[in-house]
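J.: Need a 3D model of the following:
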Amino acid sequence: MFFTQGEASYFRVTRLGRKLIKTLKLESRLRPLDFHFYELMEADGGSSFPAVYQHDLLAVINEVEKEIGRNEFVKRFGALFGEPEKTALFFKKNANNFLERQVMVLKALAWLAKKEARTFVYFLPWSPFVPVLADYAAKKYGIKVVSRYSLADLFTQGAKLGAIIWRFVKGWLAALLNLKPIRQLGNGLLGNLYTLKGFAFAADKRSDFPWLLQFPGEKALLYFEREDLPVTGAMAEELTSRKIKAATLTAKAAATAEVPVHRPSLDFIRQSKPMVKTIYYYLRYGGGLRSLNYLVWSLRFISEYARYHDFYLQQGIKVNVDFVDFDPYRIARHLAVAANGGVGVSYQNSNWPLPNPILASGADLLFLFGPYYLARQRAVGSRCGRYLYAGYPTDYSFPAARTKGGELRKKLQAKGAQFIICYFDENSSDDSLSVIPNSRSLQVYKKLLSAVMADNSLGLICSPKRPKTLLKRLPEIAALVDQAKATGRCVFLEGQYGTESYPAEPSQAADITITLLLGGTTALECFLAGSRVVYLDLEKLFSYEEYQWGKGQLVFDDLAALMSAIDLVRCDPSAAIGRADLIPNLKEKEPFQDGQAAKRMATYLENLLEKLNQGANRQAALAYADEQYAKAWGSDKIVKESQWV
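T.: Predicted coordinates for the structure are as follows:
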């Protein structure tokens with residue numbers, strides 16, 4: 001990120017651009033735009049981070065949504081799949097991905113302009129959405145946005161188009177060589193995509209599929225597409241022992257010959273046909289070269305749709321569960337399973353403190369923790385047919401968490417710990433747009449580790465969000481970590497990506513749990529499991545509702561004040577600090593709190609699959625599953641989109 005010394009013009013540069021600036025000796029005229037997003041503050045002294053999502057990004061994306069809705073190409077493209085609202089949401093989510101960083105930089109430029117008493121001109125690569133951003137920037141911040149279509153833009157979009165066309169060609173050739181008949185045999189299955197959350201069927205380990213622990217294995221298929229995380233022979237054996245079928249989308253996603261690899265059939269060619277009309281519609285209504293984004297996104301959408309329509313058809317998947325809604329192309333997958341007469345399902349797996357448009361879902365049904373989160377889905381424009389309140393999906397793990405947490409507590413107590421703190425961090429970064437810099441994370445770890453070294457009666461459990469990268473980001477604490485571990489009163493939880501255990505487990509071993517306010521999911525789980533929890537908020541997120549409930553008891557924006565409060569709890573365990581009754585809407589976030597969330601989901605999904613396998617159409621099967629769910633848990637636990645006003 002650079003700006004000129006004379007007129008303050010901001011623009012991004014690539015690595016090649018940086019080398020050219022150095023080679024041409026332009027450093028005297030150009031210098032890096034030196035800022036960190038965590039420095040940006042509002043008038044009340046709070047972080048600008050929430051304002052970006054609650055106001056700036058939503059305002060820009062809502063205007064972009066109107067532009068998308070008026071676009072004739074978008075309308076005709078949506079008609080090809082019979083779901084114009086969902087395809088419009090697809091374009092909106094892509095636009096959000098394109099604009100999110102630009103809106104954050106705009107906020108930073110506005111802050112710098114005020115701080116340095118200068119006016120910025122913001123140079124951007126061209127996109128169809130720049131005019132909306134330019135209008136907002138001028139009206140809200142007095143910043144001029146300049147964007148001109150260039151050969152570089154044409155080359156970039158052309159390269160993307162070429163890659164997508166090649167993807168089609170490879171699929172067509174594979175289908176022609178395969179000549180596999182297009183037919184489904186036997187009853188339909190429930191499919192679930194494996195991601196990164198954990199391959200485990202034990203109640204005390206993180207699992208990618210909590211509902212599957214309650215679901216008949218012979219009716220399920222787990223499929224893999226991550227080539228950096230292939231299915232292994234041991235995983236295949238585990239699935240076989242549970243009668244769960246398995247498949248991979250590519251050969252590289254399988255590290256064993258025991259799992260079949262999907263090969264395109266003639267259905268892939270058949271489902272690719274919309275690309276012909278799409279190209280025609282673009283040439284007639286698309287807006288020319290300046291709107292190539294639409295064509296690139298549309299053709300990739302068709303590629304994704306054709307690939308997964310073929311896969312679901314061949315594997316016999318009638319209900320597909322996939323929670324990765326932040327990917328816009330998941331909408332293509334939901335439409336693909338629907339076109340096969342099936343149902344696309346998503347579920348909430350994290351707390352949503354801010355209404356980020358990327359959270360919007362296009363599934364047929366979305367399981368939510370509770371009614372509190374429905375407003376978030378409405379705000380970001382989700383297009384699901386129905387929303388079901390099911391509870392916190394991994395609450396089945398709480399009994400095991402209490403048992404294993406108790407074992408960990410005894411281990412630390414045996415080394416002299418009389419009071420135990422559990423600390424969950426969030427991933428830090430020194431990227432200019434990061435909200436948590438490494439220096440701030442370093443400050444917290446030093447404080448807690450030093451406290452362990454100074455107090456022989458204090459125990460500490462640390463659960464890094466990314467255990468493998470912690471010491472790479474914070475090498476300064478390596479020696480202190482070793483020293484604290486050597487006392488036997490300090491434990492760092494491990495894992496390949498995240499930690500292996502659910503947050504509830506280490507929190508059950510502790511007298512008090514510290515989480516960061518920026519996250520929220522960890523704290524919610526720990527509260528639900530019965531732990532005492534406090535929020536540390538060095539980011540100054542003053543607009544978060546937790547500040548209304550108990551600053552100085554629930555949330556702390558100062559590390560020294562937090563440590564003083566912990567000392568108070570040590571002296572008086574009956575103190576209100578960090579107690580769940582400080583959260584007035586906990587029942588609205590999770591209305592059940594009975595450890596049965598995964599079972600509720602599994603029962604609904606089994607009823608849905610059963611009806612589809614009896615020959616019912618999608619709507620009849622959903623209506624039946626709704627009816628059974630309402631009988632068991634109440635009709636107020638189901639909200640249909642048609643009921644929205």
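J.: Okay, and the beta partners of residue 261?
T.: Residue 261 has these beta-bridge partners by DSSP bridges: residue 248.
J.: List the contacts of it.
T.: Going by CB atoms under 8 Å, 6 or more residues apart in numbering, residue 261 touches 247, 248, 249, 250, 251, 253, 254. C-betas here are computed from N, CA, C, even on glycine.
J.: Report the spatially nearest residue to the fifth one, omitting neighbours in sequence.
T.: To tie it back to what came earlier, the one meant is residue 251. residue 261 (5.0 Å; CB to CB, 6 or more residues apart in numbering).
J.: Please apply the same query to the first one.
T.: Beyond its immediate neighbours in the sequence, the residue positioned closest to residue 247 (CB to CB, 6+ apart) is residue 223, lying 4.7 Å away.
J.: Correct me if wrong: that neighbour contacts residue 194.
T.: Yes. The criterion here is CB atoms under 8 Å, and residue 223 meets it with residue 194 at 6.9 Å.
J.: Who has more neighbours out of these two?
T.: Legend: neighbour count by other CB atoms under 10 Å for residue 223 and residue 194, higher for residue 223 (23 against 20).
J.: can I assume the more buried one sits in a strand?
T.: Yes. Judged by DSSP: H, G, I helix; E, B strand; the rest coil, residue 223 forms part of a strand.
J.: Would you mind listing where the chain has pLDDT under the threshold?
T.: Applying pLDDT under 70 to the chain picks out residues 1-34, 180-186, 644-645.
J.: Show me the longest helix that occurs in it.
T.: Using DSSP state H, we find that the single longest helix of the chain is helix 84-116.
J.: buried sites along that helix?
T.: By neighbour count with 16 or more other CB atoms under 10 Å, helix 84-116 contains the buried residues 84, 86-96, 98-100, 102-113.
J.: ditto for stretch 431-438
T.: For stretch 431-438, burial by neighbour count (16+ other CB under 10 Å) applies to 432, 433, 435, 436, 437, 438.
J.: Of those residues, just say which sits nearest to residue 513.
T.: residue 436 (18.3 Å; CB to CB).
J.: and the contacts of residue 261, which are buried?
T.: For the contacts of residue 261, buried by 16+ other CB under 10 Å: 247, 248, 249, 253, 254.
J.: hang on, the earlier thing: tell me which two in the contacts of residue 261 are the farthest apart.
T.: Farthest pair in these, by CB to CB: 247 and 251, 11.8 Å.
J.: returning to that earlier point: of the buried residues of stretch 431-438, just say which sits nearest to residue 306.
T.: Of these, the one sitting nearest to residue 306 (CB to CB) turns out to be residue 433, at 35.4 Å.
J.: Was I right to think that closest one contacts residue 101?
T.: Yes. Using CB under 8 Å, residue 433 makes contact with residue 101 at a distance of 6.7 Å.
J.: Relative to residue 96, how far out is residue 433?
T.: Applying CB to CB, to the nearest Å, the value for residue 433 to residue 96 is 15 Å.
J.: hang on, the earlier thing: ok, of the contacts of residue 261, which one's closest to residue 321?
T.: For the contacts of residue 261, the residue nearest residue 321 by CB to CB is residue 247; the value is 14.7 Å.
J.: Contact partners for the closest one?
T.: Applying CB under 8 Å, 6+ apart, the residues near residue 247 are 221, 223, 224, 259, 260, 261, 262, 311, 315.
J.: Just the closest of those residues to residue 322, please.
T.: The closest of the contacts of residue 247 to residue 322 turns out to be residue 223 (CB to CB; 9.9 Å).
J.: Now for residue 243, how many residues are close by?
T.: That count, for residue 243 with other CB under 10 Å as the rule, works out to 11.
J.: To clarify, my last question referred to residue 638.
T.: If you count neighbours by other CB under 10 Å, residue 638 ends up with 19.
J.: going on from the helix or strand hosting residue 452, what's the next piece of helix or strand?
T.: Following DSSP states H and E, one finds residue 452 within helix 438-454. Following helix 438-454 in sequence order, the next helix or strand is strand 458-463 (DSSP H and E).
J.: How far does that following strand sit from its chain's centre?
T.: Between the centre of strand 458-463 and the centre of its host chain there is 27 Å, according to CA atoms, centre = their mean, to the nearest Å.
J.: try stretch 324-333
T.: Its chain's average C-alpha position is 11 Å from that of stretch 324-333, according to CA atoms, centre = their mean.
J.: Quick one: residues in contact with that stretch.
T.: Residues contacting stretch 324-333 (CB under 8 Å, 6+ apart): 86-87, 89-90, 93-94, 97, 193, 195, 297, 300-302, 304-305, 308, 320, 322, 344, 346, 358-363.
J.: Show me which positions of it end up buried.
T.: Neighbour-count burial for stretch 324-333 [16+ other CB under 10 Å]: 325, 328, 329, 330, 331, 332, 333.
J.: same deal with stretch 467-474?
T.: Buried residues in stretch 467-474 (16+ other CB under 10 Å): 467, 470, 473, 474.
J.: export the residues you listed to TSV and tack on secondary structure and distance to residue 391?
T.: Output for the buried residues of stretch 467-474, formatted as TSV (DSSP: H, G, I helix; E, B strand; the rest coil; distance: CB to CB, whole Å):
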residue	secondary structure	distance to residue 391
467	helix	28
470	helix	32
473	helix	35
474	coil	36
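J.: ok, of those residues, which one's closest to residue 75?
T.: So of those, ranked by how close each gets to residue 75 (CB to CB), first place is residue 473, at 46.7 Å.
J.: Which residues are in contact with the closest one?
T.: Per CB under 8 Å, 6+ apart, neighbours of residue 473: 428, 429, 438, 441.
J.: And for residue 614, the neighbour number?
T.: Per other CB under 10 Å, the neighbour tally for residue 614 reads 11.
J.: Give the buried residues for stretch 348-360.
T.: By neighbour count with 16+ other CB under 10 Å, stretch 348-360 contains the buried residues 348, 349, 351, 352, 353, 354, 355, 356, 357, 358, 359, 360.
J.: what's it in contact with?
T.: Stretch 348-360 has contacts (CB under 8 Å, 6+ apart) with 50, 53-54, 57-58, 61, 89, 92-93, 96-97, 100, 197, 323, 325-326, 366-369, 373, 376-377, 379-383, 393, 519-521, 523-524, 544, 589.
J.: to the chain's geometric centre, what's the distance from that stretch?
T.: In terms of CA atoms, centre = their mean, the centre of stretch 348-360 is found 7 Å from the chain centre.
J.: now do stretch 154-168
T.: On CA atoms, centre = their mean, the centre of stretch 154-168 falls 27 Å from the chain's centre.
J.: same question, stretch 506-526
T.: The answer for stretch 506-526 is 19 Å, by CA atoms, centre = their mean.
J.: Give me the distance from the longest helix of the chain to the chain's centre.
T.: On CA atoms, centre = their mean, the centre of helix 84-116 falls 17 Å from the chain's centre.
J.: Would you state the strands of the stretch 1-150 of the chain in chain order?
T.: 2-4, 8-11, 30-32, 120-123, 144-146 (DSSP state E, counting those that start in this stretch).
J.: again, but for the stretch 401-550 of the chain
T.: Going by DSSP E, counting those that start in this stretch, the stretch 401-550 of the chain shows strands at 419-424, 458-463, 490-492, 512-516, 533-536.
J.: Kindly report the same for the stretch 251-400 of the chain.
T.: Secondary structure of the stretch 251-400 of the chain, counting by DSSP E, counting those that start in this stretch: strands at 317-321, 343-347, 365-368, 386-389.
J.: can I get those strands in CSV with mean neighbour count and distance to residue 176?
T.: As requested, those are exported to CSV (neighbours: other CB atoms under 10 Å; distance: least, CB to CB, whole Å):
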stretch, mean neighbour count, distance to residue 176
strand 317-321, 26, 24
strand 343-347, 25, 29
strand 365-368, 25, 37
strand 386-389, 24, 40
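J.: Which one of those lies nearest to residue 508?
T.: With CB to CB as the criterion, residue 508 lies closest to strand 343-347 of those, at 24.4 Å.
J.: okay, the angle between that closest one and helix 84-116?
T.: 30 degrees (axes from the mean of the first three to the mean of the last three CA atoms, to 10 degrees).
J.: what's next to strand 343-347, contact-wise?
T.: 211, 318-323, 325, 330, 333-335, 337-338, 361-368, 384, 390, 393, 601, 605, 608, 612, 618, 621-622.
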